[in-house]
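> everything below, folded, please.
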Amino acid sequence: MRMNTFSGSAMIRFGWETFKKRPWFFVGVTLIVNILSAGTSFKTGDTIEYVPATIALLVTGGLVMAAISILAKMGSIQLMLKAHDNPESTTFGDLWAPHPFWKYVGASILVGIIVVIGLILLIVPGIIWGLRYMFVPYLVVERNLTPFEALKESARITNGHKWKLLRMIGLIVLANILGFLCLFVGLLVSASVSALAVAHAYRTLSAQTGTPTAA
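Numbering: from 1, shown residues only. Presented below is the predicted three-dimensional model:
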């Protein structure tokens with residue numbers, strides 16, 4: 001595909017064509033990432049006594065599961081970017097991408113705050129800011145940027161493409177609804193194609209905008 005063109009349908013089509021090269025591998029990756037990201041819920045009954053030791057155990061367990069979820073998301077980004085470039089050489093080992101953990105955490109919190117504030121301001125700003133900063137996690141994982149550097153760079157590469165990105169997100173939502181209607185395996189397929197489509201959008205816009213000029 002030409003790097004000077006960008007459309008939601010082209011991103012989805014790329015995701016589908018890449019998925020077909022190793023369908024069971026991508027289904028397996030998506031299944032693993034979703035299991036790890038979901039974490040474990042702690043069920044509490046009336047008979048549990050919340051002594052300090054129990055509270056400490058629950059807090060520790062929650063932090064561990066949160067860390068595992070974050071690592072799964074970071075690994076998914078790294079793997080999908082590698083699969084975008086060369087799907088045949090990508091392995092499950094590419095899911096291990098623990099660096100830069102704290103930059104990713106900081107960037108995720110920062111983007112979350114910005115989007116929530118935007119949603120409070122009559123929803124539309126939240127949608128716009130969500131699209132503007134949707135590639136912040138990719139920039140942190142791939143380029144090791146700081147949270148603020150990633151915000152600035154994501155805003156730069158998405159400039160002028162927000163309507164196209166919104167249409168792509170709409171197509172992704174529709175694809176996942178169809179996947180859900182096709183039961184569990186269908187959702188794993190649609191989620192895999194969606195992740196590859198977003199990776200392609202990131203790669204396409206990064207190539208199209210080039211390297212930022214020095215201030």
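> so where's this structure uncertain?
1-4, 39-51, 53, 211-215 (pLDDT under 70).
> need the longest helix for it.
helix 52-85 (DSSP state H).
> would you tell me what the next helix or strand after it is?
Using DSSP states H and E, the helix or strand that follows helix 52-85 in sequence is helix 101-120.
> just the buried residues of that next one, please?
Within helix 101-120, the residues scored as buried using 16 or more other C-beta atoms under 10 Å are 103-108, 110-111, 114-115, 118. Where you see a C-beta, it was placed from the backbone N, CA and C, and this is true even at glycine.
> before we move on, back to that, relative orientation of the longest helix of the chain and helix 101-120 in degrees?
Here helix 52-85 runs at an angle of 90 degrees relative to helix 101-120 (axes from the mean of the first three to the mean of the last three C-alpha atoms, to 10 degrees).
> what helices or strands is helix 52-85 leaning on?
Applying 3 or more C-beta pairs under 8 Å, 6 or more residues apart in numbering; DSSP states H and E, we find helix 52-85 packed against helix 23-38, helix 101-120, helix 136-143, helix 183-209.
> any idea which of the ones you listed gets closest to Gly75?
Across the helices and strands packed on helix 52-85, Gly75 has its closest neighbour in helix 23-38 (7.1 Å, C-beta to C-beta).
> what residues sit buried inside the closest one?
Here helix 23-38 shows 25-27, 29-30, 32-33, 36 as buried, counting by 16+ other C-beta under 10 Å.
> got it, and stretch 8-28?
If you call a residue buried by 16+ other C-beta under 10 Å, then stretch 8-28 has these buried ones: 8, 10-12, 14-16, 18-19, 22, 25-27.
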